[in-house]
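Undergrad: Sequence below, structure please.
(2 chains)
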Protein chains: 2
Amino acid sequence: MPTRTAEAKWEGKIMDGRGTMKLGSGAFEGNYSFKTRFEEGVTGTNPDELLGAAHAGCFSMALSGLLEKAGYPPRSIRTRANVRIEKSGPGFAITGIELDTEADVPGIGDDAFLEQAEAAKANCPVSKALSGTDITLKARLKQM
Amino acid sequence: MPTRTAEAKWEGKIMDGRGTMKLGSGAFEGNYSFKTRFEEGVTGTNPDELLGAAHAGCFSMALSGLLEKAGYPPRSIRTRANVRIEKSGPGFAITGIELDTEADVPGIGDDAFLEQAEAAKANCPVSKALSGTDITLKARLKQM
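TA: Predicted coordinates for the structure are as follows:
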């Protein structure tokens, strides 16, 4: 199995310094700072939305595999991850990630769908690694 | 504090389907697939390198803050995250993340630097959330 890599560089102090984060594939490099991470309304990326993208991507792929195995290959799955970061003691903590998913899955009923969505939430590799935060799930079938 | 968002979309089955991951800030949108995630030598992004970038970015920023608080504001910190994903039971697991960091910190000694690097590894928000995987650290001061 491959090992995936990424890099970050930070220059200067935490409040007025600045950083870059870069994917090993070369697909993306972006700037971040204390402001783009912890303030509202500042344009720029931050580690927490990258974590959210990793989680939404991993969950959606895993749910596709589980639905297919259950006999209901999906047409499409759309997932939003909402990552909450808050003051915690002397620092900060990611206190929760909400996965909000909507799927187009021919023939399946609500209960069978929710069972597979809960299994994907519990078992996708990124969810398993993120056991130090609270992961919640809202899941629904797309209405035709 | 802000809540950070990201989205993923997956279309089709797991082996021959395809997805996109998108950051809420709009800074990045990228395609991924089973092949870009689990095979070697295939160009494209995957959830695991996004997770690595989030971790390297969070760690580097936290280490800057801790060094400054200890009286040694850093000039620069460079961190690489190596994310290992492996077969595990019926699925896959992120079995470890190695953080490899090198810092330019005027005046500090090796022991004091390593102490702060270990504290950043233990306490940065992304590390705390990732308690379901094994995080290891290699840290050294840049040689002048």
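Undergrad: Strands of chain A, residue ranges please.
TA: A:3-11, A:18-23, A:29-32, A:76-88, A:91-104, A:135-141 (DSSP state E).
Undergrad: any bit of the longest helix anywhere in chain A sitting next to chain B?
TA: In chain A, with assignment by DSSP state H, the single longest helix is helix A:47-69. Yes - using Cβ under 8 Å from any Cβ of the partner chain, helix A:47-69 comes into contact with chain B via A:47-65, A:68. For every residue, glycine as well, the C-beta is placed using N, CA and C.
Undergrad: and that helix with strand A:18-23, angle?
TA: Relative orientation of helix A:47-69 and strand A:18-23, computed by axes from the mean of the first three to the mean of the last three Cα atoms, to 10 degrees: 20 degrees.
Undergrad: tell me which strands and helices helix A:47-69 is in contact with?
TA: Here helix A:47-69 touches strand A:76-88, strand A:91-104, helix A:110-123, helix A:125-129, strand B:3-11, strand B:18-23, helix B:47-69, helix B:125-129, going by 3 or more Cβ pairs under 8 Å, 6 or more residues apart in numbering or on different chains; DSSP states H and E.
Undergrad: again, 7 Å this time
TA: Contact analysis of helix A:47-69 by 3 or more Cβ pairs under 7 Å, 6 or more residues apart in numbering or on different chains; DSSP states H and E lists strand A:76-88, strand A:91-104, helix A:110-123, helix A:125-129, strand B:3-11, strand B:18-23, helix B:47-69 as its packing neighbours.
Undergrad: buried residues in that helix?
TA: A:47-68 (16 or more other Cβ atoms under 10 Å in any protein chain shown).
Undergrad: Equivalent analysis for stretch A:96-115, please.
TA: A:96, A:97, A:98, A:99, A:100, A:101, A:103, A:105, A:108, A:113.
Undergrad: who's in contact with the residue nearest to residue A:126 when sequence neighbours are not counted?
TA: Nearest non-adjacent residue to residue A:126, counting by Cβ to Cβ, 6 or more residues apart in numbering or on different chains: residue A:58, 3.8 Å away. Going by Cβ atoms under 7 Å, 6 or more residues apart in numbering or on different chains, residue A:58 touches A:124, A:125, A:126, B:47.
Undergrad: Return the member of these nearest to residue A:138.
TA: Nearest to residue A:138 out of those is residue A:124 (Cβ to Cβ; 16.0 Å).
Undergrad: burial of the closest one, as a residue count?
TA: Burial of residue A:124, expressed as a neighbour count using other Cβ atoms under 10 Å in any protein chain shown, amounts to 28.
Undergrad: again, but for residue A:2
TA: The burial count for residue A:2: 19, using other Cβ under 10 Å.
Undergrad: Phi first, then psi, for it.
TA: Reported as degrees, to the nearest 10, the phi and psi values for residue A:2 are phi -70, psi 150.
Undergrad: So it sits against residue B:42, correct?
TA: No - counting by Cβ atoms under 7 Å, residue A:2 stays clear of residue B:42, with 9.0 Å between them.
Undergrad: so can I have TSV of the strands of chain A showing mean pLDDT and distance to chain B?
TA: Shown next, in TSV, are these (pLDDT from 0 to 100; distance: least, Cβ to the nearest Cβ, whole Å):
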stretch	mean pLDDT	distance to chain B
strand A:3-11	98	4
strand A:18-23	98	4
strand A:29-32	98	5
strand A:76-88	97	5
strand A:91-104	97	4
strand A:135-141	98	10
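Undergrad: for those strands, which one sits closest to residue B:73?
TA: Taking these one by one with Cβ to Cβ, strand A:3-11 is closest: 11.0 Å.
Undergrad: Show me what the closest one is packed up against.
TA: For strand A:3-11, the packing partners by 3+ Cβ pairs under 7 Å, 6+ apart are strand A:18-23, helix B:47-69, strand B:76-88.
Undergrad: which residues touch residue A:5?
TA: A:24, B:49, B:52, B:80, B:81, B:82.
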